[in-house]
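[1] coords below, sequence missing:
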């Protein structure tokens, strides 16, 4: 099936939201999505967008997305973070994931970033193999740390 | 020793840079710092700053820093990333690290972020214990992935 990769528009956010939920189910965390379609519309398409989103469109449907934003490394300088790379279940293996990653790397290269970062679940072997083949490094001794909304509130209460 | 926590000024970046290098040596990666003092000055204090930095000052010297910037979670929404939390070797155990983290959490809370993220080396047990005590979660099944500058260039060449 043919598809095209392009930057997302505000009115793609409904379908983008559906793919985000599809991924959360795959990652065994279906209840963790607290974001809404309006959040995505407001946060990504205001005066100071909090992210940039690429989508893959096939037959008028959004079948994949890559969502990125700037980061900053105190060792390297400007960096780009790939928050999500999602392909709809029915389109896995179609090459959409590769083409979306190509677009992200081109975007980062044009911005002059020194690094592109993302995160992967350690049991997601196909994804890890795919990233290694693309030249990425898995930083096995770094752990991701989260202070979630409830923990932030608890922290503030104790100050 | 008494210290004060405040937002960094552009002319603190020389001392901030020294602390960044001190941490890189501690983390066994002394050659990985490619950033310069000018980069920090330009990137943090232009029209669109790429980070916000807090510093701990004691006797006119910068003895600690916390460097943060915005991120975005497709599950939670606005997030804050703590890129570095550094205390000079001679001031470890003085409470500076705690006070800097307090300031970061207050800052995130005021911004209304839904999560504060950071990364920690898995062999840095004192740091991990400190973060756990503060209510943070170590996401043990997530791996950090880097596509570094050379890998970006190689990727682009193959497109």
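    Happy to help now that I have it. In this text the structure is predicted, and so the values were computed from the model without any measurement. Numbers count the residues shown, from 1 in each chain, chains lettered A, B, ... in the order given.
[2] Specify the beta-bridge partners of the spatially closest residue to residue A:73 that is not a sequence neighbour.
    Excluding its sequence neighbours, the residue lying closest to residue A:73 (Cβ to Cβ, 6 or more residues apart in numbering or on different chains) is residue A:79, at 4.9 Å. For glycine as for every other residue, the C-beta is placed from the backbone atoms N, C-alpha and C. Residue A:79 forms beta bridges with residue A:71, residue A:115, as assigned by DSSP bridges.
[3] my guess is residue A:79 meets residue A:69, correct?
    No: counting by Cβ atoms under 8 Å, residue A:79 does not reach residue A:69; the two are 10.1 Å apart.
[4] Looking only at neighbour counts, state which of those two leads.
    A count of neighbours by other Cβ atoms under 10 Å in any protein chain shown puts residue A:79 above the other of residue A:79 and residue A:69, at 24 against 19.
[5] Please identify the helix or strand for residue A:64.
    Taking DSSP states H and E as the criterion, residue A:64 maps to strand A:61-73.
[6] Mean confidence (pLDDT) on that strand, please.
    The pLDDT scores in strand A:61-73 average 98.
[7] which helices and strands sit right next to it?
    Identification of packing neighbours for strand A:61-73 by 3 or more Cβ pairs under 8 Å, 6 or more residues apart in numbering or on different chains; DSSP states H and E yields helix A:13-26, strand A:52-58, strand A:77-87, helix A:96-111, strand B:61-73, strand B:77-87.
[8] between the longest one and strand A:61-73, how many degrees?
    By that I understand helix A:96-111. Counting by axes from the mean of the first three to the mean of the last three Cα atoms, to 10 degrees, helix A:96-111 lies at 40 degrees to strand A:61-73.
[9] Would you tell me whether helix A:96-111 gets close to chain B?
    Yes: applying Cβ under 8 Å from any Cβ of the partner chain, one finds helix A:96-111 in contact with chain B at A:102, A:105, A:106, A:108, A:109.
[10] tell me the angle that helix makes with strand A:52-58.
    Angle of helix A:96-111 versus strand A:52-58, following the same axes, to 10 degrees, is 150 degrees.
[11] which parts of helix A:96-111 are buried?
    A:96, A:97, A:99, A:100, A:101, A:102, A:103, A:104, A:105, A:107, A:108, A:109 (16 or more other Cβ atoms under 10 Å in any protein chain shown).
[12] Grab the nearest non-local neighbour of the fourth one.
    Once flanking residues are discounted, residue A:100 sits nearest to residue A:66: 4.2 Å by Cβ to Cβ, 6+ apart.
[13] Who are the contact partners of the one you found?
    Applying Cβ atoms under 8 Å, 6 or more residues apart in numbering or on different chains, we find residue A:66 in contact with A:53, A:54, A:82, A:84, A:85, A:86, A:100, A:101, A:103, A:104.
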